[in-house]
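[1] Return atomic coordinates for the entry below.
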Amino acid sequence: METLWNQKTSIKLVFNMKTSIGAIVAVLISLFVFVNADGSPIIIEKPRDQYVKNGGTVLFFCKATGHPPPEIIWRKIGDKSPKKIISTNRFTVIPGLGFSVLRIDVIRSERDEGRYECLTQNSGGEQTASAKLLVYPENQVPHGFPYITRNPVPTPQVEKGRNTTLICEVEGNPPPVVTWIRDSHPLNLSNSRYRVTMNDNVGRFDVFESDESDQGRYECVAENKIGTVVSPQFTLQVRVRRVPPYFVQQILPIHEVKAGTDLNITCKASGSPLPYVRWRRGPEELTPEDQAPLGGNILFLSNVHESANYTCLATSKLGTVEATTLVKVESLPYSPTNLRISDVTPTSVYLSWIYDGPIEDLRYFVIQYKAKDSNSNYEEISGVSTHFYTVTKLNPYTEYEFYVLAENHAGRGPPSVPAFMTTGETEPRTAPRNVQARPLSSTSMLVQWEEPDNPNGIVTGYKIYYTTNPHLPMTDWDSQYVDSTTLTTIPDLTPHTIYTIRVQAFTNIGPGPFSAPVQVKTQQGVPSQPLSLRAIDVTATSVSLEWTKPIHTGDNIISYELYWNDTSINEKGHRTLAVIESYKLDKLQPNTLYHIWLAAKSRRGEGAYTSPIAIKTDQYSK
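    You can find the predicted model right below:
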């Protein structure tokens, strides 16, 4: 930082090291150009002519430089020699360094009108400048003279650091310009906390983050080429609060943490002035006093293994407040022991266990379980407050593994030794899968299948139902029981006849659901039933179909026979298709329900039909 002193102007300049040489030279030129070689005064701001209304207020400003600094006096120029003006009830001379203000209140047209002179003088000489004061009688105020329609009304007291706004509304023609005066001096607009704006005859003065230096007696001045008017003075006071330190938020009396964890505790305090905040561990100071932050301090604890008291202190010149918290290191609970399983059903089990750890910190027990051979995550039952529990909604005939663990405020302890158990059996939940049938001769057929996905127990056998009339109740179908094998032969059938077959699985508890029906024709060499007939697209007049060729084709398939019936007119249709596995059935009626079925054909004849599928065509769209 560099300091330059201009003795002739009594001005001190402060530059930092980053200030450019060009900027320094420009400032020095602007200052020294107003200084005569002999140091005699130069008036750099002359008083201006003023046109005011009788009874109003006027302010003349005069600014000068010289070496030594000149004295500034005010005189009124009359018929006789100029008369020096001194402060009286209505006349006030406000001196300053190189600056002076002449203020006249409650102007009287007969006595105050005339010319006023600013005389600057020092040992080097003198210089004068004058301005005219014209006073309009109240009944002769010219049109367009400015008026203040709304005087500034400040908040009686502004708290230090808060913002405040002053408003001055004016009228006149041409529209007046509003300026602001504090303590009879022009406002220093270089202050970054001040903002003066003018919009639609409204002058606005904003003070941001008010300070004691903003206090004073303020006036707004409205001026146009017709004249000038000054508002009544008003006082702006900035109040500095005195509030002892206090905590913005209470610190918890206890912080419970697991051993080895990290913890941050925030302490926030306020007051006026803002207090310094520091931490202490027992009697040990953790924050050096010269490093204590204002208003808040965060205590950072890492890898905590020991319980201790920590105290936050907030201090200002108005006093100290403190708050203490206990950082308590918790230990994890013990592992439950002697986990037992009883009362096993197909869907539930009863668990019991023993806990030898301290009860006062225990929150509850947690049960974890899953199917033993499953790759899924453990199911969890939390919040168990007893030493026993019945686990429900299990799958029948499934081996499970169970664990029990305890939880306290520090977290979960280690799990118990696992217990294993298989739930009870029930009837099969699903039917046998992938049932297939093919003729062995004109009077026998071979049926085979796969075990159900969910047998819910040990499959003890299967029952194969078959009939030539699938509309009969299942109790009227012929049947054959086999043990746990998944293949059987059915003899003594009627030649050249289509049979429908369904298979049912059994456990020791009972039978499960029937498989979907499949059909086979007792004729050697004909194909078996096509698989998976389905519709993949439906319009108002067509259906796109797909299927899979039969597993047993007999002799080679030479065609597919497609059948359908129109339920609205009860009319049956038939088309012979090439050896393909998709077909678009067209020329259908809109908004009509159709039943569609399919058979494969070899040189020996047609095989068994698929079960009919129901398809409804779309309505015509406009």
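[2] In contact with residue 235, which residues are there?
    For residue 235, the contacting residues are 154, 215, 216, 217, 218, by Cβ atoms under 8 Å, 6 or more residues apart in numbering. Heads up, the C-betas are built off the backbone N, CA and C, glycines and all.
[3] chain center to the helix or strand where it lies: distance?
    For residue 235, the element it lies in under DSSP states H and E is strand 234-239. Centroid displacement of strand 234-239 relative to its chain, using Cα atoms, centre = their mean, to the nearest Å, is 43 Å.
[4] Could you do stretch 470-478 as well?
    Mean C-alpha position of stretch 470-478 versus that of the full chain (Cα atoms, centre = their mean) differs by 65 Å.
[5] Now do the buried residues in that stretch.
    The neighbour-count check on stretch 470-478 (16 or more other Cβ atoms under 10 Å) flags 470, 477 as buried.
[6] now swap in stretch 599-615 and tell me
    Of the residues in stretch 599-615, those buried (16+ other Cβ under 10 Å) are 599-602, 604, 606-611, 613, 615.
[7] again, but for stretch 295-307
    Neighbour-count burial for stretch 295-307 flags 295, 296, 297, 299, 301, 304 (criterion: 16+ other Cβ under 10 Å).
[8] Serialize those to a markdown table and add fields for secondary structure and distance to residue 401.
    Putting these into a markdown table (DSSP: H, G, I helix; E, B strand; the rest coil; distance: Cβ to Cβ, whole Å) gives the following:
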| residue | secondary structure | distance to residue 401 |
| --- | --- | --- |
| 295 | coil | 56 |
| 296 | strand | 51 |
| 297 | strand | 51 |
| 299 | strand | 45 |
| 301 | strand | 40 |
| 304 | strand | 35 |
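[9] which residues does the nearest residue to residue 185 once chain neighbours are set aside bridge with?
    Across the structure, with Cβ to Cβ, 6 or more residues apart in numbering as the measure, the residue nearest residue 185 apart from its sequence neighbours is residue 101 (6.4 Å). With DSSP bridges applied, residue 101 shows beta-bridge pairing to residue 61, residue 94.
[10] what about residue 101, how many neighbours?
    When neighbours are counted by other Cβ atoms under 10 Å, residue 101 registers 22.
[11] My read is that it contacts residue 184, right?
    Yes: counting by Cβ atoms under 8 Å, residue 101 sits close enough to residue 184 to count as a contact (5.1 Å).
[12] Overlap in contacts, the two.
    By Cβ under 8 Å, 6+ apart, residue 101 and residue 184 have these common neighbours: 59, 92, 94.
[13] Weed out the non-buried ones from the residues you listed.
    Judged by neighbour count, with 16+ other Cβ under 10 Å as the criterion, the buried members of these are 59, 92.
[14] Redo the shared contacts of residue 101 and residue 184 as TSV? Include pLDDT.
    Below are those laid out as TSV (pLDDT from 0 to 100):
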residue	pLDDT
59	95
92	92
94	91
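[15] quick one: which of the shared contacts of residue 101 and residue 184 is nearest to residue 108?
    Of all the shared contacts of residue 101 and residue 184, residue 108 sits closest to residue 92, with 15.5 Å by Cβ to Cβ.
[16] so that closest one sits in a strand?
    Yes: looking at residue 92 with DSSP: H, G, I helix; E, B strand; the rest coil, it is inside a strand.
[17] Find the helix or strand that the residue nearest to it when sequence neighbours are not counted is a member of.
    Counting by Cβ to Cβ, 6+ apart, the nearest residue to residue 92 once its immediate chain neighbours are dropped is residue 103, at 4.3 Å. Element membership for residue 103 (DSSP H and E) is strand 99-104.
[18] Where does pLDDT dip in the stretch 101-250 of the chain?
    The stretch 101-250 of the chain contains residues with pLDDT under 70 at 154-156.
[19] Could I get the full set of strands for it?
    Counting by DSSP state E, counting those that start in this stretch, residue ranges of the strands within the stretch 101-250 of the chain are 114-122, 125-136, 147-150, 157-159, 164-171, 177-182, 185-186, 194-199, 202-207, 216-223, 228-230, 234-239, 243-247.
[20] mind putting those in TSV, distance to residue 48 included?
    Conversion of these to TSV gives the following (distance: least, Cβ to Cβ, whole Å):
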stretch	distance to residue 48
strand 114-122	11
strand 125-136	6
strand 147-150	20
strand 157-159	32
strand 164-171	19
strand 177-182	12
strand 185-186	12
strand 194-199	19
strand 202-207	19
strand 216-223	9
strand 228-230	9
strand 234-239	25
strand 243-247	48
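[21] Test my guess that residue 197 contacts residue 204.
    Yes: taking Cβ under 8 Å as the definition, residue 197 is a contact partner of residue 204 at 4.8 Å.
[22] Looking at these two, which is more packed in?
    Applying other Cβ under 10 Å to residue 197 and residue 204 shows that residue 204 carries more neighbours, namely 17 against 10.
[23] The residue lying farthest from the centre of the chain sits in which helix or strand?
    Distance from the C-alpha centroid of the chain peaks at residue 80, with 81.3 Å (Cα atoms, centre = their mean). If you go by DSSP H and E, residue 80 is not part of any helix or strand.
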